[in-house]
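**Q** can't give you the sequence, but here's the structure:
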Ligand SMILES: NC(=O)C1=CN([C@@H]2O[C@H](COP(=O)(O)OP(=O)(O)OC[C@H]3O[C@@H](n4cnc5c(N)ncnc54)[C@H](OP(=O)(O)O)[C@@H]3O)[C@@H](O)[C@H]2O)C=CC1
Ligand SMILES: O=C(CO)COP(=O)(O)O
């Protein structure tokens with residue numbers, strides 16, 4: 001919708017024939033964005049060949065578990081001048097690869113310089129209503145990032161460039177875990193103190209893993225870090241928040257997913273973060289407790305008790321420890 005508002009012709013590829021017909025005939029997408037009218041500059045097709053015909057840029061927004069499948073379908077139609085942008089927030093299950101790594105592996109004809117990541121606090125439900133939104137576009141190539149910035153930027157959608165593609169993708173993926181916790185906190189009727197603690201301590205563990213994986217720590221105080229963390233932990237538009245809320249109210253994981261009916265990236269990402277924290281030897285207490293709740297049936301209230309009862313430590317554990325001498329002074 002942002003691109004259509006900017007005067008571009010947009011072709012959506014979907015695997016769902018009914019959804020394609022609805023978009024083309026009624027200009028609505030009632031399952032995913034009810035009560036919204038879409039621009040008639042947005043058309044849809046189930047044919048990837050038709051969708052790719054004459055395009056300059058391809059925006060992939062499949063859930064992370066489907067990224068490789070979708071990329072491999074697009075592959076035959078991609079040429080070296082295409083700009084490939086993704087807005088997916090997660091890691092590939094099992095390989096634990098970032099989305100731009102999966103895209104680079106699939107599109108061997110595309111230079112890494114032509115791949116960009118769009119991220120930041122941007123619930124679709126608000127963007128579609130033209131509510132002021134700020135995001136980042138990240139690429140190893142500033143020129144590519146600026147081209148995508150020019151495609152998207154307008155009076156309600158402000159796009160900043162950021163060269164740290166690793167940090168942007170890691171911030172985007174890991175914030176969903178903390179958002180599950182934010183929903184649980186509200187589901188358990190904890191207050192604002194608990195939410196602030198989750199956001200702040202969540203950011204600390206996101207940054208610890210991110211830095212170990214090669215990110216610039218400053219990215220985590222930007223839109224793809226704290227920005228997206230705040231919006232997903234506090235907004236009722238957030239699927240991750242809602243899933244956490246349902247879990248805290250006693251629903252099982254299966255019941256929660258059935259009630260959601262939309263992708264909840266934080267669930268698979270909790271598994272990925274659990275594995276990455278072991279590979280990189282990074283402490284991620286919130287992600288570890290969420291792992292126990294999601295996959296080992298631990299009750300959320302016991303997870304909170306265990307988080308609160310951790311061995312006492314310095315706030316900046318593993319990042320900056322003041323010397324004991326200075327501390328005494
Ligand atoms: N919603 C939001 O506000 C934002 C979402 N994101 C990210 O975008 C990604 C997608 O989220 P979102 O669109 O909200 O998720 P939804 O669950 O709302 O929609 C997922 C869409 O992807 C399609 N899909 C799923 N798997 C495949 C596949 N293997 N091949 C083809 N199509 C597939 C679904 O089709 P079908 O209906 O046929 O199942 C559906 O159209 C996530 O990584 C999310 O974190 C990022 C920023 C904001
Ligand atoms: O990433 C998002 C907003 O920036 C969407 O978050 P949810 O997947 O939790 O809805």
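**A** Everything's here; your move. Worth saying up front: this structure is predicted, and the values here are computed from it rather than measured. Numbers count the residues shown, from 1 in each chain. Ligands and ions are numbered 1, 2, ... in the order given.

**Q** what's around residue 161, how many residues?
**A** Using other Cβ atoms under 10 Å, residue 161 has 15 neighbouring residues. C-beta here means a position set from N, CA and C on the backbone, and glycine is covered the same way.

**Q** beta partners for it?
**A** Beta bridges link residue 161 to residue 137, judged by DSSP bridges.

**Q** hmm, the strand or helix carrying residue 257 in reach of ligand 2?
**A** Assigned by DSSP states H and E, residue 257 belongs to helix 253-260. No. Helix 253-260 lies out of reach of ligand 2 by Cβ under 6 Å from any ligand atom, never closer than 9.8 Å.

**Q** Go through that helix and flag the buried ones.
**A** Buried residues in helix 253-260, defined by neighbour count with 16 or more other Cβ atoms under 10 Å: 253, 256-257, 260.

**Q** From those, pick the one nearest residue 127.
**A** Closest approach to residue 127 among the buried residues of helix 253-260 (Cβ to Cβ): residue 260, at 20.2 Å.

**Q** Next, work out how far apart the closest one and residue 91 are.
**A** With the distance defined as Cβ to Cβ, to the nearest Å, residue 260 ends up 20 Å from residue 91.

**Q** again with residue 206
**A** Taken as Cβ to Cβ, the span from residue 206 to residue 91 is 13 Å.

**Q** Give me the domain ranges for the protein.
**A** For the chain, automatic domain parsing gives the domain ranges 2-165, 173-308.

**Q** Strands of the stretch 51-200 of the chain, start to end?
**A** Per DSSP state E, counting those that start in this stretch, the stretch 51-200 of the chain carries strands over the ranges 57-60, 83-86, 115-119, 133-138, 157-162.

**Q** Any chance of JSON lines for these, columns mean pLDDT and distance to residue 246?
**A** Supplementary listing: the strands of the stretch 51-200 of the chain in JSON lines, determined by pLDDT from 0 to 100; distance: least, Cβ to Cβ, whole Å:
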{"stretch": "strand 57-60", "mean pLDDT": "97", "distance to residue 246": "28"}
{"stretch": "strand 83-86", "mean pLDDT": "97", "distance to residue 246": "28"}
{"stretch": "strand 115-119", "mean pLDDT": "98", "distance to residue 246": "25"}
{"stretch": "strand 133-138", "mean pLDDT": "98", "distance to residue 246": "26"}
{"stretch": "strand 157-162", "mean pLDDT": "98", "distance to residue 246": "31"}
